[in-house]
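J.: Requesting a structural model of the entry that follows:
(chains A and B)
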Amino acid sequence: MSSVRVVLPYHLRNLAHVGNEVALTVAEPVTMRRVLDALETAYPMLRGTVREYETGQRRAFLRFFACEEDWSHEPLDAELPGAVAEGKEPLLVIGAIAGG
Amino acid sequence: MSTVRVLVGTRKGAFILTSDGKRQDWKVEGPHFAGWEIYHLKGSPVDPNRIYASQTSGWFGQLLQCSTDGGKTWEQPGVKPDEAPQSWPPAKSNRFSYDVSSETGKPLTTHQWYDGTQHPWEFKRVWHLEPSLTDAETVYAGVEDAALFRSTDGGKNWHELAGLRGHGTGPAWQPGAGGMCLHTIILDTASPDRIYIAISAAGAFRSDDGGATWKPINKGLVSTQNPNPTAEVGHCVHHIAMNPARPGVLFMQKHWDVMRSDDAGESWHEVSGNLPTDFGFAIDVHAHEPETLYVVPITSDSLHFPPEGKLRVYRSRSGGNEWEPLSKGLPQQDCYVNVLRDAMAVDSLDKCGVYFGTTGGQVYCSPDAGDNWQPIVRDLPAVLSVEVQTLA
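T.: Have a look, this model is predicted:
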């Protein structure tokens, strides 16, 4: 099992009553799907806020960054970088810059 | 002494305004859910301290919040923050899945799109929450794309009343400029199984069996912007109001036209009368005088602000047709705000208080049935909805 760090955007931190970063226990190999499953298990109030219920896809105005790379368009079952799986680097969930 | 609690949904959070029965001095609390769009909040008539709220965001989707202490604290139904690991299976309070099963609904999956093609039904947000008149755990949700959902467990789980979309006219519904939203839900006070709803831009519908089956109730509506102005559906109904003490008599602010029905929507006739313009969004009925109505005329469908830059509520004491402007305390120059469909409400004190919120962030109160107005608060985010609770 890996301990994965996830940085959440402001509004999701408030919903989950957590700080800037959460630590999740994730089975190996560490994929985006497994991280999101672990996130929603630990913080069920976040279900539906990162992935849409019906499609299971990332919400359009959110992005996933890891190790200075955009993972938003990678398959959910692709293995995340070793540095994320090892907890050295966080997975960033980013809200698109838009709105007023 | 009675108190009044005003529930205000805005583009950037919810606010709760409270006062005693004099309605002169107000306490403003909020923002709750700061930064989120709060389309609507409404308290249960059975348990007024139970308040449901629709929290939504273009980034994070739909959430449902509930308070059991009058708005002091909130939680997503089915999710207790301190018990998260034990609360499996997690909440589905924000899951609104259209019922396409052949067993309970009809597999209706598309509606008319702007270009005339068929378009998939896609959930976007909850516009209106209507708590049951008899059970605090039961609440209805009107959503975009248009459908009616019901929860019987305090908002933890939602099930579509699929007979509405599936009754036959659904494929002909199409969105208005604001989306294809189910924005009005009225529960009949005399007939527990009777429900009225309204959809932009489909029209009004009624169920007489608790939401299982539905029929359009648009006879008498005339929408000249449509190819068939008197079609069974396709009317942009903006809001409907009913005095709970006189069920079956309905008042409607349509896109254009103020309408009245005396037979539970079976037929409508126009009561716009001498209004300066009969375009508008909000409409409500006096709590104790069922022939006294309030509307806020808006210049036109192209100019969503009051005529002449003067914010005026119009009151009819005759059930329509004869209207008088109410302007004392309201801005009478350089005012270019709008008043949205769910942003007007009345309390049940004597004298009846009337309230409305504007897209400029003002919430106005008249403690004397519209004769005099005062701002409760002036600089909130754009107001989406206003509801009032009269508390003993």
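J.: For residue B:319, which non-adjacent residue is spatially closest?
T.: Leaving aside its chain neighbours, residue B:319 sits nearest to residue B:291 (4.1 Å; criterion: C-beta to C-beta, 6 or more residues apart in numbering or on different chains). Backbone N, C-alpha and C define where each C-beta goes, glycine included.
J.: Where does pLDDT dip in chain A?
T.: Within chain A, the segments meeting pLDDT under 70 span A:98-100.
J.: Please list the residues of it that sit near chain B.
T.: Within chain A, the residues that sit near chain B (C-beta under 8 Å from any C-beta of the partner chain) are A:9-12, A:15-17, A:40-45, A:47-50, A:52-54, A:59, A:61-62, A:95-96, A:98-99.
J.: In PyMOL, how would I select the buried members of those residues?
T.: In PyMOL, a selection of the buried entries from the residues of chain A next to chain B looks like this (16 or more other C-beta atoms under 10 Å in any protein chain shown):
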select buried, chain A and resi 9+11+12+15+16+40+41+42+43+44+45+47+48+49+50+59+61+62+95
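J.: For residue B:187, see how far away the closest residue in space to residue B:156 that isn't next to it in sequence is.
T.: Leaving out its chain neighbours, the residue that sits closest to residue B:156 by C-beta to C-beta, 6+ apart is residue B:78, at 4.0 Å. Distance from residue B:78 to residue B:187, counting by C-beta to C-beta, to the nearest Å: 24 Å.
J.: So the residue nearest to residue B:156 is in contact with residue B:92, correct?
T.: Yes. Using C-beta atoms under 8 Å, residue B:78 is in contact with residue B:92, at 7.1 Å.
J.: Can you pull the residues that touch both of the two?
T.: Common neighbours of residue B:78 and residue B:92 are listed as B:156, B:157 (criterion: C-beta atoms under 8 Å, 6 or more residues apart in numbering or on different chains).
J.: ok, the most centrally placed residue in chain B to chain A distance?
T.: Centroid-nearest residue in chain B, with C-alpha atoms, centre = their mean: residue B:342, separated by 4.0 Å. With the distance defined as C-beta to the nearest C-beta, to the nearest Å, residue B:342 ends up 22 Å from chain A.
J.: which ones are touching that residue?
T.: If you count contacts by C-beta under 8 Å, 6+ apart, then residue B:342 has B:9, B:39, B:40, B:127, B:128, B:183, B:239, B:282, B:384, B:385, B:386 around it.
J.: ok, and the most crowded of these?
T.: Counting neighbours by other C-beta atoms under 10 Å in any protein chain shown, residue B:9 leads those with 31 neighbours.
J.: Which positions within the strand or helix carrying that residue qualify as buried?
T.: Counting by DSSP states H and E, the element that carries residue B:9 is strand B:3-10. Within strand B:3-10, the residues that count as buried by 16+ other C-beta under 10 Å are B:4, B:5, B:6, B:7, B:8, B:9, B:10.
J.: beta partners of the third one?
T.: What it means is residue B:6. Judged by DSSP bridges, the bridge partners of residue B:6 are residue B:17, residue B:388.
J.: how about it, what does it touch?
T.: With C-beta under 8 Å, 6+ apart, residue B:6 has these contacts: B:16, B:17, B:18, B:345, B:355, B:363, B:365, B:376, B:386, B:387, B:388, B:389.
J.: Of those - the most surrounded one?
T.: In these, the most neighbours by other C-beta under 10 Å go to residue B:386, 29 neighbours.
J.: quick one on the thing from earlier: could you point out which of the buried residues of strand B:3-10 is nearest to chain A?
T.: Of all those, residue B:10 has the smallest distance to chain A: 13.5 Å, by C-beta to the nearest C-beta.
J.: For chain A, give the residue positioned nearest to chain B.
T.: residue A:44 (2.8 Å).
J.: That residue touches residue B:75, doesn't it?
T.: No. Using C-beta under 8 Å, residue A:44 makes no contact with residue B:75, being 11.5 Å away.
J.: so what's the residue in the stretch 101-250 of chain B positioned nearest to chain A closest to, chain neighbours aside?
T.: Of all residues in the stretch 101-250 of chain B, residue B:123 sits closest to chain A, at 7.5 Å by C-beta to the nearest C-beta. In space, and not counting its chain neighbours, residue B:123 is closest to residue B:96: 5.0 Å by C-beta to C-beta, 6+ apart.
J.: same deal with residue B:271?
T.: residue B:320 (2.5 Å).
J.: quick revisit: any chance of TSV for the contacts of residue B:6, columns pLDDT and distance to residue B:28?
T.: Converted to TSV, the contacts of residue B:6 look like this (pLDDT from 0 to 100; distance: C-beta to C-beta, whole Å):
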residue	pLDDT	distance to residue B:28
B:16	98	8
B:17	98	6
B:18	98	8
B:345	98	17
B:355	98	14
B:363	98	9
B:365	98	12
B:376	98	7
B:386	98	14
B:387	98	16
B:388	98	15
B:389	98	16
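J.: From the residues you listed, pick the one nearest residue B:313.
T.: residue B:355 (10.5 Å; C-beta to C-beta).
J.: Can you name the residues bridging to that closest one?
T.: Using DSSP bridges, the bridge partners assigned to residue B:355 are residue B:345, residue B:365.
J.: From residue B:5, how far off is it?
T.: From residue B:355 to residue B:5 the distance is 11 Å (C-beta to C-beta).
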